[in-house]
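J.: here's my sequence, what's the structure:
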Amino acid sequence: MGQLFSKRNKEVFSAPLGMDNPVTVQVLGICSALAVTAKLEPAIVMGLSVTVITAFSNVVISLLRKTIPNRIRIIVQLVVVAALVTIVSEILKAFAYDVSVQLSVYVGLIITNCILMGRLEAFAMQNGPWESFLDGLGNGLGYAKILVIVAFFRELLGSGTLLGFNILNYAPIQNTGYVNNGLMLMPPMALIIVACIIWYQRARHKELQEK
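T.: Just a heads-up that it's a prediction; the model follows:
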């Protein structure tokens, strides 16, 4: 048990949540972060979908890594990811159809997500299944964390709601002069919020600053 949760394994899981976040530090997965964060619910679902797919594709590739010919490894990785993406997409259509419609083509585009393919190539091909699972889980949750933060501010300040529940659209609040900012619902604002998160993280952790 101690070996399963060794210091290295804890670092593998926790690093993507903070000091090596795939979005704010590695600057990967930006496109979907801009596209699905106008509302909190699809952002949560997208984050969880990427987490599940990254974790389990890492495990599968790690188990197969010694039997995959080097010249076709990318093809094998894509096949594994495509199979998992198809399964997740069908589950969403069956149990969360409205959210699936909101996510549109972006669930399918998880196949080309740089975070996912990067972890398969850089980590799962060189490490065991348990370590690969923790790496995939950590990177998926690190990605989901940024999506949730961005979607929280965009939906709250753009629509005055959170998860569809009214938060700011009440007469006493409106009477103070507050008006929902429609600009927050446009994709460029997602990029600006991500940039603010990157600025905050690098201001707080000087070692992340480029010299």
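J.: can you show me the strands along the chain?
T.: 161-162, 165-166 (DSSP state E).
J.: which residues touch the last one?
T.: This points to strand 165-166. Outside of strand 165-166, the residues within contact range by Cβ atoms under 8 Å, 6 or more residues apart in numbering are residue 160. C-betas here are computed from N, CA, C, even on glycine.
J.: ok, it: who's next to it in the sheet?
T.: strand 161-162 (antiparallel) (DSSP bridges).
J.: tabulate the strands of the chain (CSV), appending distance to residue 18.
T.: What follows is these, written out as CSV (distance: least, Cβ to Cβ, whole Å):
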stretch, distance to residue 18
strand 161-162, 25
strand 165-166, 30
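J.: deepest-packed of these, please.
T.: strand 161-162 (a mean of 16; mean count of other Cβ atoms under 10 Å).
J.: give me the contacts around that strand.
T.: 40, 152, 155, 156, 167, 168, 169.
J.: and the residue lying closest to the last one once chain neighbours are set aside, what does it touch?
T.: Counting by Cβ to Cβ, 6 or more residues apart in numbering, the nearest residue to residue 169 once its immediate chain neighbours are dropped is residue 160, at 4.2 Å. With contact taken as Cβ under 8 Å, 6+ apart, residue 160 is in contact with 166, 167, 168, 169, 180.
J.: check contacts around residue 118.
T.: Going by Cβ under 8 Å, 6+ apart, residue 118 touches 22, 26, 28.
J.: ok, now how distant is it from residue 205?
T.: 22 Å (Cβ to Cβ, to the nearest Å).
J.: isn't residue 55 right up against residue 141?
T.: No - applying Cβ atoms under 8 Å as the test, residue 55 and residue 141 come out as separate, 9.2 Å apart.
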